[in-house]
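*Asks:* Whatever this is, show me its structure:
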Amino acid sequence: MSALLTAAAAATLAIVSQDQVSLRASPRDSAPQHALLTQGDSLEVRGERADYLQVYDHRRERAGFVRATQVRRTALTTDEASSLLAVMRFVKDTPGSEALGIAYTAAYLKAAPGTVIDAEPFEILGTLSDRLAQRASNATKAQEALVNAQLETASVYGVRMKSIERDGRVRLCYDGEAHRRVLALSKDNALRARAALSLTANDCIDPAMLPADRRRLDEWRGEVIESVSSAGLPEYLRNRVELRRASVWSSLAFHRARLGTTNADTVEAVKRAVDAFAAVSKTELTDVDQATYNDAAIRVSAVRPAVDVMPPLTKQKLTIRSAPGEPGQTCVHLVNTAQPDKTLFKQCTYGVVWANSVNVNAAGTALTVGVQTLDAWRELWLFKRDGEGWHVDVLPPSAATLTPDIGYIDFAGWVPGGTQILVARESRTEQRYKRSFETLRMDTLTTEKSADHPNSLSTFYRWQDAAWKKNTLGLR
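*Replies:* Now for the predicted structure:
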C-alpha cells in the first residue's frame with residue numbers, strides 16, 4: 001500500500017502518533033529542526049540515542065532524531081497484525097486521528113497474511129478517509145495547515161481525494177477505492193450498505209460534469225445501491241439506503257426521459273424512486289438524516305408527474321402537443337382541442353416536458369405544465385391568453401436571489417375569477433430548505449399571500465386541487 005513501508009520492511013518502523021513532531025539533527029531539543037512531521041508519517045528506525053530514535057524519513061529523504069514517546073514502533077511481523085488491527089478499531093471512532101489510522105491500516109495490510117485479510121480493514125480505511133475529507137472541507141483558516149499536512153500524509157498511503165467546486169466552495173471527497181473493496185469482499189449487509197452510501201453520495205458529484213458522463217455515473221450508482229440488501233439492517237441505516245435509492249432512481253428517471261427512451265422505462269424508474277421514498281420510516285429518522293429526507297423528497301417530487309394519477313381531461317378547451325425541435329429540443333405546441341392541428345403558441349426547451357402534469361382553467365384562458373430542465377429542478381410553465389394572443393411565463397421553484405441547488409414547483413389549483421393561481425414550491429439553497437404554499441396573481445406573477453402550510457392560508461385551503469393534494473410529497 002505504501003512504498004515507504006516497503007522500504008522499511010526489513011527494519012523496525014516508527015509511526016508518528018502526534019502532530020507537529022520535530023525531526024531534529026541530533027538527539028537534543030535544542031538541535032536544528034530538519035522537518036516538521038505529522039501523525040501517520042512512517043519512519044525507518046536505525047538506532048537509539050537516550051530517549052530519542054535515530055530515523056530516516058523516506059518521503060522527505062531526511063535522516064534525524066525524534067523522541068521515542070512521539071512515535072509507535074512496529075516490525076511489521078505477522079505476530080503484530082492483531083495489535084495493529086486493535087489500534088485501527090480504536091482510531092476509527094476517534095475524530096482528528098484519521099491520518100494515524102490510515103498509517104496503521106497500511107501497516108496492518110503489510111503485516112497480516114493475505115489469507116486473513118477480509119473487508120474490515122478496508123471498511124476502516126474508507127471510514128477514516130471519508131472523515132478526513134469532511135474535516136478538510138469544513139476546516140477553518142486556523143485548521144487548514146494541520147489538515148493539509150494530514151491529507152498529504154494520507155496521500156502517501158494511496159488515499160486519493162477529488163475536489164468538487166460548488167457555489168464558490170471547494171469540497172474534498174474520497175475516491176472510494178476502499179469502499180469498492182468492501183463491496184467485493186464482504187457479505188455483511190451493514191458493511192456493504194455503508195460502503196454503497198459513501199460511493200453514491202450526492203454531494204460528491206461534480207456539478208460541471210457533462211450530461212453524458214453524469215448519466216453513466218448515475219447508472220453505476222444505481223447498480224451499486226441496488227447491490228445492497230436492506231435485510232437485517234438497523235432501521236436508521238435502512239432508511240439511509242432507501243433515501244439514497246430514491247435519489248438515484250429519480251436521477252435515472254430524468255436521464256431516461258431526457259434521452260427519449262420508452263415511457264415504460266421512465267415510469268419504472270419513477271415508481272422505484274417513489275416506492276423507495278415510501279419505504280422510509282419517518283419515526284426512525286435521525287436528526288442528521290432530516291436534511292437527506294428533504295433532499296430525497298425534492299428529487300422524487302421533480303419526476304413524480306410521470307406517475308401521478310390525474311383526472312381525465314374532459315371538456316377542456318386547451319391541451320398541448322409535443323414535437324421534436326432542433327437536436328435535443330422538445331417543442332410544446334399549445335392547441336385548442338376543437339382545432340388540434342392549429343398551434344396557438346409554441347415554446348421549445350432542452351428539458352423534459354411532463355405532459356401528464358397539464359392543468360387547464362375552467363375558462364380555457366390558461367394552462368400549466370411542468371418542465372424539468374435539470375436533474376432535481378422542475379419549473380412550471382404558465383400559458384396565458386393576452387388579448388387575442390398567447391404567451392408563456394416560467395415560474396421557478398424558488399424566488400431567492402441566490403441560485404438554489406435543487407427544487408420543484410407544483411400547480412396546486414385555480415382560484416375562481418381567473419386572476420389567481422395556487423402553487424407549491426420547495427427548494428434547497430445553501431443547505432437551507434424552504435417550502436411554501438402561495439397565491440399568485442396571474443397577470444404579474446407576484447405572490448399575494450404565502451404560508452408554510454396550506455391550512456394557514458384560507459384561499460389555498462379552500463381552492464387547492466384535489467389531484468395535487470393526493471399526489472404531492474409537499475405535505476409529508
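
*Asks:* Quick check: chain neighbours aside, which residue is closest to residue 364?
*Replies:* Beyond its immediate neighbours in the sequence, the residue positioned closest to residue 364 (Cβ to Cβ, 6 or more residues apart in numbering) is residue 317, lying 3.1 Å away. C-beta here means a position set from N, CA and C on the backbone, and glycine is covered the same way.

*Asks:* how near is that neighbour to residue 366?
*Replies:* Remark: distance between residue 317 and residue 366 (Cβ to Cβ, to the nearest Å) = 10 Å.

*Asks:* out of these two, which sits in the busier spot?
*Replies:* Under the neighbour definition other Cβ atoms under 10 Å, residue 317 and residue 366 were set side by side, and residue 366 has more, 19 against 14.

*Asks:* Ignoring the adjacent residues along the chain, who's closest to the more buried one?
*Replies:* In this structure, residue 366 finds its nearest non-sequential neighbour in residue 384, 5.0 Å apart by Cβ to Cβ, 6+ apart.

*Asks:* Ok, residue 265 next?
*Replies:* Closest residue in space to residue 265, ignoring its immediate chain neighbours: residue 256 at 5.1 Å, by Cβ to Cβ, 6+ apart.

*Asks:* Who are the contact partners of the one you found?
*Replies:* With contact taken as Cβ atoms under 8 Å, 6 or more residues apart in numbering, residue 256 is in contact with 265-266, 269.

*Asks:* go with 10 Å
*Replies:* Under the criterion of Cβ atoms under 10 Å, 6 or more residues apart in numbering, the contact list for residue 256 reads 215, 262-270, 303, 306, 352.

*Asks:* just residue 67 next, same as before
*Replies:* Contacts for residue 67 (Cβ under 10 Å, 6+ apart) come out as 18, 21-22, 24, 27, 29, 50-53.

*Asks:* Look up which helix or strand residue 293 falls in, please.
*Replies:* Per DSSP states H and E: residue 293 is located in helix 290-303.

*Asks:* What is the burial count for residue 43?
*Replies:* By the measure other Cβ under 10 Å, the count of residues near residue 43 is 30.

*Asks:* just checking, the residue nearest to residue 265 is part of a helix?
*Replies:* Yes - using DSSP: H, G, I helix; E, B strand; the rest coil, the secondary structure at residue 256 is a helix.

*Asks:* And it, how far from residue 407?
*Replies:* Taking Cβ to Cβ as the criterion, residue 256 is separated from residue 407 by 21 Å.

*Asks:* same deal with residue 309?
*Replies:* Relative to residue 407, and taking Cβ to Cβ, residue 309 is found at 23 Å.

*Asks:* The two: which is more packed in?
*Replies:* When neighbours are counted by other Cβ under 10 Å, residue 309 and residue 407 differ, and residue 407 comes out ahead with 26 against 8.

*Asks:* contacting residues around the more buried one?
*Replies:* For residue 407, the set of contacting residues under the criterion of Cβ under 10 Å, 6+ apart consists of 298-299, 301-302, 374, 376-379, 396-398, 400, 425-429, 433-435.

*Asks:* in the sheet, who's paired with it?
*Replies:* For residue 407, the beta-bridge partners under DSSP bridges are residue 377, residue 427.

*Asks:* quick one: it and residue 428, what's the gap?
*Replies:* Between residue 407 and residue 428 the computed distance is 7 Å (Cβ to Cβ).

*Asks:* Between these two, which contacts overlap?
*Replies:* Contact criterion Cβ under 10 Å, 6+ apart; residues shared by residue 407 and residue 428: 298, 376, 397-398, 434.

*Asks:* So which of the residues you listed sits lowest on pLDDT?
*Replies:* When it comes to pLDDT, residue 398 is the least confident member of the shared contacts of residue 407 and residue 428, at 88.

*Asks:* thought it was touching residue 438?
*Replies:* No - Residue 398 lies out of contact with residue 438 (Cβ atoms under 10 Å); the separation is 11.5 Å.

*Asks:* Now list whatever residues contact both of the two.
*Replies:* 409, 425.

*Asks:* so what pLDDT did residue 449 get?
*Replies:* Per-residue confidence at residue 449 stands at 93 (pLDDT).

*Asks:* Find the centremost residue of this protein, please.
*Replies:* To find the centre residue of the chain, average its C-alpha atoms and take the closest one (Cα atoms, centre = their mean): that gives residue 202, at 1.4 Å.

*Asks:* Who's the closest spatial neighbour of it, skipping the chain neighbours?
*Replies:* In space, not counting the residues next to it along the chain, residue 202 is nearest to residue 247; the distance is 6.0 Å by Cβ to Cβ, 6+ apart.

*Asks:* Which SSE is immediately downstream of the helix or strand containing the one you found?
*Replies:* Using DSSP H and E, the element containing residue 247 is helix 235-259. Per DSSP H and E, helix 235-259 leads on to helix 263-278 as the next helix or strand towards the C-terminus.

*Asks:* Now that next one - C-alpha only, PDB.
*Replies:* Taking Å, rounded to 0.1, in the frame of the first residue of the first chain, the C-alpha atoms of helix 263-278 are listed here in PDB:
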ATOM      1  CA  ASN A 263     -42.100   5.800 -21.500                       C
ATOM      2  CA  ALA A 264     -42.300   2.500 -19.600                       C
ATOM      3  CA  ASP A 265     -38.600   2.700 -18.700                       C
ATOM      4  CA  THR A 266     -39.100   6.200 -17.300                       C
ATOM      5  CA  VAL A 267     -42.200   5.200 -15.400                       C
ATOM      6  CA  GLU A 268     -40.400   2.200 -14.000                       C
ATOM      7  CA  ALA A 269     -37.600   4.400 -12.700                       C
ATOM      8  CA  VAL A 270     -40.000   6.900 -11.100                       C
ATOM      9  CA  LYS A 271     -42.000   4.200  -9.500                       C
ATOM     10  CA  ARG A 272     -38.800   2.700  -7.900                       C
ATOM     11  CA  ALA A 273     -37.900   6.200  -6.600                       C
ATOM     12  CA  VAL A 274     -41.400   6.700  -5.200                       C
ATOM     13  CA  ASP A 275     -41.500   3.200  -3.600                       C
ATOM     14  CA  ALA A 276     -38.100   3.700  -2.000                       C
ATOM     15  CA  PHE A 277     -39.200   7.000  -0.500                       C
ATOM     16  CA  ALA A 278     -42.400   5.500   0.700                       C
END
